[in-house]
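A.B. asks: my questions are about this predicted structure, shown below with the sequence.
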Amino acid sequence: MFRHVSPELPGLAAAVAGCAPAHGHRPRLRRPFPEAEKTARGRATAPGGSGRGRLPGPPPGAAGSTAAAGRGGAGGAACRDGPYEGSPGRRLPLARPLTRRRSAAQHGSAMAAAAEEAAGGGGDSPSSALRRLRIISGHLRGSPRAPEREALSPSPCKAQGGSDGPASGSIPKKRQELLKWNGWGYNDSKFIFNKKGQAEFTGKRYRLGGMVLPTFKEWIEKTFGASLEHKTTSRASLNVNDVPPSIVNEEFLQDLKATKISYSQDAEDRVFRAHGHCLHEIFVLREGMFKRIPDLVVWPVCHEDVVKIVELACKHNLCIIPFGGGTSVSSALECPEEEKRTIVSLDTSQMNRILWIDEKNLTACVEAGIVGQDLEKQLAESGFCTGHEPDSMEFSSLGGWVATRASGMKKNIYGNIEDLVIHIKMVTPRGIVEKNCQVPRMSTGPDIHHFIMGSEGTLGVVTEVTIKIRPVPEYQKYGSVVFPNFERGVACLREVAKQRCAPASIRLVDNAQFQFGHALKPQVASIFTSFLDGLKKFYITKFKGFDPNVLCVATLLFEGDREKVLQHEKQVYDIATKFGGLAAGEDNGQRGYMLTFVIAYLRDLGLDYYVIGESFETSVPWDRVLDLCRNVKERIVRECKEKGVQFAPLSTCRVTQTYDAGACVYFYFAFNYRGISDPIHVYEQIERAAREEILANGGSLSHHHGVGKLRKRWMKESISDVGLGMLRSVKEYVDPNNIFGNKNLL
């Protein structure tokens with residue numbers, strides 16, 4: 001029904017429901033591409049170089065490798081003479097194993113080990129380097145493992161001559177081999193109604209796989225007025241005859257072939273990269289086809305390949321749209337219908353390696369195409385993590401996180417993406433932009449990184465990112481708290497933020513989302529479990545007097561040093577008690593986190609039964625959280641009624657991130673669209689009204705989803721006329737011929 005939904009506590013719900021160089025600080029643009037220098041004045045610079053250059057100066061004492069030994073090919077991009085171990089201020093060769101790395105034989109399958117640990121809560125484990133993946137990978141159960149690779153081993157930077165073999169990461173080059181072409185996630189994973197009319201989740205990748213959800217059918221019928229007898233029809237497969245033809249500049253194609261960079265004009269490859277995961281994009285795929293899609297897909301395997309592609313695009317005046325994980329929910333990947341030039345989708349998925357790890361400075365240089373699950377898995381093999389966990393981390397990429405200013409659920413400890421980034425390398429039509437050193441902070445005017453972060457593919461392609469890493473935490477513990485009402489819960493989260501004692505993650509769901517969690521509770525496995533649920537229900541509703549139709553729940557995740565975690569846990573629960581909160585157990589918190597990764601599949605099921613829905617988010621000051629939540633939910637209900645929606649919609653929210661000065665709030669809404677001739681138009685009108693209500697109540701345009709094309713109508717209101725003009729000026733200088741012409745933001 002909706003993307004990025006994370007209802008919490010199905011277990012608890014069941015209990016109550018039913019009742020660089022060391023010197024210099026100068027940012028630089030290196031080697032401008034000749035064609036990019038053509039301006040309105042008709043001037044052009046003298047022909048420049050290829051844009052290749054050495055990797056930015058390594059941080060002292062780095063424990064990794066030469067930046068890309070043996071990989072640079074002609075021009076030797078990112079190549080350094082490999083210093084020797086122990087030399088101060090030098091990086092260790094990648095070919096030399098790190099002291100903290102474990103072999104596959106030593107730690108076994110990370111996913112399998114995590115799955116076995118997941119059921120055990122937050123206790124100690126000898127496999128500390130994989131503890132960090134206990135849940136993010138623990139929801140997988142016996143999933144096929146990606147081909148083995150040396151996470152920190154160098155490989156040549158040369159195109160693969162059109163090879164269509166699988167990628168070395170979890171997501172293959174031919175994404176349709178693994179992922180749905182017209183829905184979310186893996187082909188073998190989805191919610192269905194079985195022959196008995198019961199909901200279940202298919203596949204074995206997630207812990208919920210194969211489990212029956214006995215109350216979900218009743219919930220969806222009661223909430224939306226939906227019926228299993230009324231099912232929509234959608235195309236089972238892509239009809240290539242419906243796909244717009246590929247229109248490619250032939251001179252460009254000949255030049256591209258000479259580079260040996262892999263490319264495709266295949267219809268499926270092009271359609272897969274023509275969209276993200278907005279509701280209207282998926283609806284179009286189920287019912288028809290986009291009017292404009294990429295004409296060509298290219299797969300660079302390193303920074304140097306991207307340089308060549310951008311050079312050719314400048315030479316032949318093409319349009320490039322960067323593609324990372326494809327999880328955008330802002331229409332950022334849609335091709336402008338009026339674009340007449342050849343559109344090239346630059347897929348970064350084959351740029352998926354960790355180039356080096358610096359143990360002394362706790363940093364790692366990583367190619368921008370790596371997806372979140374692969375980044376964490378590879379770092380864990382060396383005993384490290386980033387701590388950055390957006391809900392889409394299975395499929396979203398590091399470059400995408402940078403381009404959209406992403407946020408993760410554990411930002412309270414690890415920070416948002418802007419807090420994690422040390423260095424960014426980006427290829428633009430003007431040349432390569434990067435800082436000349438890798439330091440924690442600089443005072444050299446406006447931070448050049450903040451021109452890149454949030455640029456959403458309008459300025460260039462992020463190719464390499466140096467990020468902060470941390471040792472895998474030795475201890476994790478989940479928890480949950482039930483509050484008598486949403487107001488008490490918000491007040492508790494405000495106090496936790498005020499005292500700066502927020503755990504790694506703390507999320508508060510309202511009652512509607514709490515009831516949704518109950519509907520997703522798997523079938524009870526034993527009489528004893530059912531008995532315990534009954535005791536919880538009696539204690540919370542009868543003894544404590546909580547109304548199951550009003551209460552709300554917060555889920556918690558603590559991690560770090562064991563002793564400090566236990567102290568931290570006590571502090572948070574003591575605060576919760578002052579606001580009427582009751583501890584509700586570790587299992588509920590752990591289940592809520594596990595559901596984060598499967599709920600996104602529900603939207604596809606909803607579309608099968610005339611239910612459409614989506615999520616959107618904002619950030620807001622603390623003193624306006626309650627008013628904003630109430631007013632936006634009421635506005636959604638009112639708009640649905642005015643637009644002729646026959647059944648009352650689901651309108652719910654959660655407070656999902658806390659800050660000193662405010663919070664991030666997610667809203668979810670869905671409705672039954674039977675009898676509506678143009679449901680997407682109606683939905684977009686309602687969402688637009690909800691966004692206007694958010695802005696009127698002091699909320700931001702977006703906390704982390706980004707702007708794209710979906711929300712850019714409000715950019716002037718959000719950042720002022722002058723602010724918008726500043727962004728336009730940067731765009732005009734960096735990309736005077738609009739090579740990166742996706743039309744996001746501006």
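C.D. replies: That came through fine. None of these values were measured; they are calculated from a predicted model. Residues are numbered from 1 along each chain as shown.
A.B. asks: where in this protein is pLDDT low?
C.D. replies: Residue ranges of the chain with pLDDT under 70: 1-168, 524-539, 541-543.
A.B. asks: need the helices for the stretch 101-250 of the chain, in chain order.
C.D. replies: Applying DSSP state H, counting those that start in this stretch to the stretch 101-250 of the chain gives helices spanning 104-107, 110-118, 128-131, 216-224, 250-259.
A.B. asks: what comes up buried for stretch 324-340?
C.D. replies: When neighbours are counted by 16 or more other C-beta atoms under 10 Å, the buried residues of stretch 324-340 are found to be 324-335, 339. Glycine gets a C-beta too; all of them are placed from N, C-alpha and C.
A.B. asks: also stretch 281-294?
C.D. replies: Neighbour-count burial for stretch 281-294, with 16+ other C-beta under 10 Å as criterion, is recorded at 281-285, 289-290, 293-294.
A.B. asks: just these: which are in helices?
C.D. replies: With helices taken from DSSP state H, the overlap with these comprises 281-285.
A.B. asks: nearest to V306 among the residues you listed?
C.D. replies: Comparing those against V306 with C-beta to C-beta picks out E281 as the nearest, at 25.6 Å.
A.B. asks: how about that closest one: what's its closest non-neighbour residue?
C.D. replies: H275 (4.0 Å; C-beta to C-beta, 6 or more residues apart in numbering).
A.B. asks: E376 contacts C385, doesn't it?
C.D. replies: Yes. Between E376 and C385 there is a contact under C-beta atoms under 8 Å: 6.0 Å.
A.B. asks: what residues sit buried inside the lengthiest helix in the chain?
C.D. replies: Within the chain, and with DSSP H defining each element, the longest helix by residue count is helix 715-734. The neighbour-count criterion (16+ other C-beta under 10 Å) identifies 715, 719, 724, 727, 731, 734 as the buried residues of helix 715-734.
A.B. asks: equivalent analysis for stretch 248-260, please.
C.D. replies: Taking 16+ other C-beta under 10 Å as the neighbour-count basis, stretch 248-260 is seen to contain the buried residues 248-249, 252-253, 256, 259.
A.B. asks: list the contacts for the most centrally placed residue in the chain?
C.D. replies: Among the residues of the chain, the smallest C-alpha distance to the mean C-alpha position (C-alpha atoms, centre = their mean) belongs to S392, namely 3.7 Å. Taking C-beta atoms under 8 Å, 6 or more residues apart in numbering as the contact definition, S392 lies against 4, 325, 327, 372, 600.
A.B. asks: with F516 as the reference, measure out to it.
C.D. replies: S392 sits 20 Å away from F516, going by C-beta to C-beta, to the nearest Å.
A.B. asks: same question, D604
C.D. replies: Distance from D604 to F516, counting by C-beta to C-beta: 17 Å.
A.B. asks: phi and psi next, for L628.
C.D. replies: Note on L628: backbone dihedrals following degrees, to the nearest 10 are phi -60, psi -50.
A.B. asks: how about it: what's its closest non-neighbour residue?
C.D. replies: If the residues on either side of it in the chain are set aside, L628 comes closest to N697, at 4.1 Å by C-beta to C-beta, 6+ apart.
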